[in-house]
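Enquirer: Could you look at this predicted model? Sequence included:
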Amino acid sequence: LWPPGHRDKQTMKMSNPKLAYPRVPIQTRIAHVLFMFIFLIHRPHTALAKHPPPNILLLITDDQDAILGGTDHMPFLKRLIADEGITFQNGFVHTPICCPSRSSILTGKYLHNGGALNNSLSGNCNGLAWQERNEKRSIGVIAQDAGYRTAYTGKYLNTYGFKTKWCDAPCNRVPPGWDRWTGLVGNSKYYNYSLISSDDGGATSERKKHGNDYADDYLPDIVANRTLEYLKDFVTSEDQKPFLVTTSWPSAHMPFTEAPQFECEFPDANVTRTPNWNTSHALNLQKHWIMRRLAPIDSKTLKWIEHTYRKRLRTLLSVDQHISQFVDFLEDNGVLDNTYIIYTSDNGWQYGQHRISSDKRQLYEHDIRVPFYMRG
């Protein structure tokens with residue numbers, strides 16, 4: 001799995017976010033998740049004769065940047081995944097928008113090959129064309145065909161569960177390929193959301209509304225608890241089949257709602273002021289029309305940016321603790337050494353770079369370069 005010319009793990013580390021990244025051919029600048037996945041479940045039979053098929057735990061965050069400090073305060077991620085495996089410096093998404101990027105992570109295809117074009121039903125985000133084509137060859141379907149038990153929990157696609165012309169309300173449809181399913185209806189939230197669940201591959205399903213009580217409803221924790229439930233079910237199953245479990249947190253997507261125990265963390269954390277932070281008017285005039293219309297970042301905007309930065313970091317503290325829980329469970333049950341753990345995000349973020357005070361959606365490094373770690 002080593003990229004050509006990279007035999008030393010230390011050369012793959014991304015400990016310094018200001019390092020000069022090597023440029024790579026455009027055809028290699030895509031999320032490698034599906035390639036890794038297919039390689040792992042379709043290893044040569046000679047390898048399978050010596051070792052059982054590997055388990056796969058795929059962990060996906062939302063809007064987590066790779067080069068502006070997005071992983072700097074996640075010690076469990078570093079110690080339990082990055083330091084025990086490999087850090088891919090050139091982890092890219094081909095478009096920094098949630099639904100198109102996620103459709104590619106799930107299928108390995110660019111958006112123009114049947115994926116989502118944007119975050120709307122009319123843009124094929126969980127649209128009919130998606131359901132009739134690419135969704136039927138997702139990583140879940142591929143894994144099932146290879147003899148894996150599969151589970152998915154958390155955010156799926158931004159319009160999942162919506163009423164449509166082809167799916168009357170309540171639209172509790174479960175995508176093919178998943179034996180166990182807990183899917184978030186709509187876009188990322190932390191409270192006051194609905195989940196669609198199924199324990200029989202979608203033969204039956206139910207929708208449950210959650211409120212705003214931390215103990216019962218905080219979505220990142222619900223996602224983690226359901227992941228642990230699925231892992232326990234698969235590990236203790238008598239059939240001993242390998243598993244693919246996909247965990248998709250809402251963190252660190254807006255509204256950036258941290259768990260109450262982390263509300264006071266990082267009170268003095270400041271955003272990284274890269275050379276392209278709050279660029280000059282003269283420089284922005286050389287860019288496309290959206291960039292030419294952006295005003296300089298003033299003190300009020302900066303205060304809001306740093307408030308957002310701190311809240312985003314706090315949401316990821318829950319994710320970091322969940323990683324520790326997952327690894328501890330796998331180790332306690334004797335399956336860690338035969339489990340590949342892949343960690344990535346659907347796109348990055350900006351904190352004032354190019355005068356963009358928040359969000360992503362631009363084809364700049366901060367938006368398309370994502371965390372990409374693998375242990376196994």
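Expert: Nice, thanks for sending it over.
Enquirer: What helix or strand is residue 190 located in?
Expert: For residue 190, there is no host helix or strand (DSSP states H and E).
Enquirer: now the one 10 residues further on
Expert: Taking DSSP H and E as the criterion, no element holds residue 200; it sits outside all helices and strands.
Enquirer: Name the nearest residue to it, ignoring sequence neighbours.
Expert: Nearest residue to residue 200 in three dimensions, chain neighbours excluded: residue 179, at 7.9 Å (Cβ to Cβ, 6 or more residues apart in numbering). (C-beta placed from N, C-alpha, C; glycine too.)
Enquirer: who are the neighbours in contact with that neighbour?
Expert: 144, 149, 150, 151, 200, 201 (Cβ atoms under 8 Å, 6 or more residues apart in numbering).
Enquirer: same deal with residue 278?
Expert: Applying Cβ under 8 Å, 6+ apart, the residues near residue 278 are 296, 297, 352, 355.
Enquirer: Name the nearest of those residues relative to residue 325.
Expert: Residue 325 lies nearest to residue 352 out of these, by Cβ to Cβ, at 34.1 Å.
Enquirer: So which of the contacts of residue 278 wins on neighbours?
Expert: residue 352 (25 neighbours; other Cβ atoms under 10 Å).
Enquirer: and the gap between that residue and residue 359?
Expert: Distance, residue 352 to residue 359, by Cβ to Cβ, to the nearest Å: 11 Å.
Enquirer: how about stretch 60-72: buried residues?
Expert: 60, 61, 62, 63, 64, 65, 66, 67, 68, 69, 70, 71 (16 or more other Cβ atoms under 10 Å).
Enquirer: can you check stretch 134-154 too?
Expert: For stretch 134-154, burial by neighbour count (16+ other Cβ under 10 Å) applies to 134-135, 137-144, 146, 148-154.
Enquirer: How about stretch 156-170?
Expert: Within stretch 156-170, the residues that qualify as buried are 156, 157, 158, 159, 160, 161, 162, 164, counting by 16+ other Cβ under 10 Å.
Enquirer: for the last one, what are its contacts?
Expert: Just to be clear, that refers to residue 164. 121, 128, 171.
Enquirer: Chain neighbours aside, what residue packs nearest to the second one?
Expert: Nearest residue to residue 128 in three dimensions, chain neighbours excluded: residue 166, at 5.4 Å (Cβ to Cβ, 6+ apart).
Enquirer: And for residue 241?
Expert: Once flanking residues are discounted, residue 241 sits nearest to residue 149: 5.0 Å by Cβ to Cβ, 6+ apart.
Enquirer: Surely that neighbour is in contact with residue 237?
Expert: Yes - counting by Cβ atoms under 8 Å, residue 149 touches residue 237, with 7.1 Å between them.
Enquirer: related to what we said a few turns ago, of the buried residues of stretch 156-170, which is the nearest to residue 310?
Expert: Taking Cβ to Cβ as the measure, residue 158 is the one of the buried residues of stretch 156-170 closest to residue 310, at 25.6 Å.
Enquirer: about what we covered before: among the buried residues of stretch 60-72, which one sits closest to residue 228?
Expert: For the buried residues of stretch 60-72, the nearest to residue 228 is residue 60 (16.6 Å; Cβ to Cβ).
Enquirer: and the closest one, which of the three is it?
Expert: What DSSP: H, G, I helix; E, B strand; the rest coil gives for residue 60 is strand.
Enquirer: got a list of what it touches?
Expert: Per Cβ under 8 Å, 6+ apart, neighbours of residue 60: 102, 105, 154, 155, 246, 247, 248, 249, 344, 345, 346.
Enquirer: let's see it at 10 Å
Expert: If you count contacts by Cβ atoms under 10 Å, 6 or more residues apart in numbering, residue 60 has them with 33, 101-102, 105-106, 154-155, 246-249, 342-346, 370.
Enquirer: So which of those residues sit within strands?
Expert: 154, 155, 246, 247, 248, 342, 343, 344, 345 (DSSP state E).
Enquirer: what about the nearest residue to the last one once chain neighbours are set aside, which SS state?
Expert: This means residue 345. Closest residue to residue 345 apart from its sequence neighbours, by Cβ to Cβ, 6+ apart: residue 64 at 3.9 Å. Secondary structure state of residue 64, per three-state DSSP, is coil.
Enquirer: Tell me if I'm right that residue 64 and residue 250 touch.
Expert: No - with contacts counted by Cβ atoms under 10 Å, residue 64 stays clear of residue 250, the gap being 11.1 Å.
Enquirer: Which residues are in contact with each of these two?
Expert: Common contact partners of residue 64 and residue 250 (Cβ under 10 Å, 6+ apart): 315, 319.
Enquirer: pretty sure residue 220 is in a strand, no?
Expert: No - the assignment for residue 220 (three-state DSSP) gives helix, which keeps it out of a strand.
Enquirer: on that earlier part again, and the contacts of residue 164, which is closest to residue 85?
Expert: Using Cβ to Cβ, residue 121 is the member of the contacts of residue 164 that lies nearest residue 85, at 37.7 Å.
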